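Participant: Curious how this folds, go ahead:
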Amino acid sequence: MVGGQAVIEGVMMRGPKKVATAVREPSGVITVDVKPINSLAEKYPIFKKPFFRGILSLGESLVMGLKSLTYSAQMAGEEEADKLTNKDIAITMAISLCAAILLFVVIPTASVNLITTDSHVVMNLWEGLVRMIVFFLYIYGISRAKDIQRVFQYHGAEHKTIHAYEAGVELIPEKIGRAHV
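Facilitator: Below is the predicted model of the structure:
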């Protein structure tokens, strides 16, 4: 029931009722922001149905993730960390969705036109290979950014934090790194 993501200089954890973002400030102090989750599923029961529940969960996770990233940028002392408005979040999500569709659907599907075969197996293998190449190039490209490298370093901390939480270990840095089941 607990998920999370790495953020700038910290981790975000989401449970059924609350979302918490812990960030290491430049001074070394860890600040924690805890907020209740007010899901639309509580207000509109249709979002508790299987198909709609998944769509809502994805949307809410994206919004919470962007808000946590913004909070972490502010706490970590990023100069350009302006507070994102709902409009900014919607625009960011729309651009990200369009980029994902272009990179992982349009380009791989269109690349099938580059090969000359009638075999559906070969066409599917080609499309899958192109999709994997695009994915690895994407990961390589974003990993070159200094800020993203730092977020990747906290990705392991996010996994360790959730593991420690599920194991009942006190959530302090000294104990999280050593948590074993």
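Participant: From the contact counts, what lies against the longest helix along the chain?
Facilitator: When every helix of the chain is counted residue by residue (DSSP state H), the longest turns out to be helix 50-75. Counting contacts by 3 or more C-beta pairs under 8 Å, 6 or more residues apart in numbering; DSSP states H and E, helix 50-75 packs against strand 3-7, strand 10-14, strand 18-24, strand 30-36, helix 40-43, helix 86-101. In this view, the C-beta of every residue, glycine as well, is placed from N, C-alpha and C.
Participant: give me that answer again for 6 Å
Facilitator: Applying 3 or more C-beta pairs under 6 Å, 6 or more residues apart in numbering; DSSP states H and E, one finds that helix 50-75 makes contact with strand 3-7, strand 18-24, helix 86-101.
Participant: which stretches of this protein aren't confidently modelled?
Facilitator: When the per-residue scores of the chain are filtered using pLDDT under 70, the ranges that remain are 78-84, 178-181.
Participant: before we move on, back to that, quick one: the longest helix of the chain to strand 3-7, angle?
Facilitator: Regarding helix 50-75 and strand 3-7, their directions subtend 30 degrees when assessed with axes from the mean of the first three to the mean of the last three C-alpha atoms, to 10 degrees.
Participant: Between the helices and strands packed on helix 50-75, which one is closest to Lys35.
Facilitator: Relative to Lys35, the nearest member of the helices and strands packed on helix 50-75 by C-beta to C-beta is strand 18-24, separated by 5.5 Å.
Participant: how many neighbours does Leu40 have?
Facilitator: 12 (other C-beta atoms under 10 Å).
Participant: List the contacts of the spatially closest residue to it that is not a sequence neighbour.
Facilitator: Of all residues beyond its chain neighbours, the one nearest Leu40 is Phe47 (5.4 Å), with distances taken as C-beta to C-beta, 6 or more residues apart in numbering. Phe47 makes contact with Leu40, Ala41, Arg53, Leu56, according to C-beta atoms under 6 Å, 6 or more residues apart in numbering.
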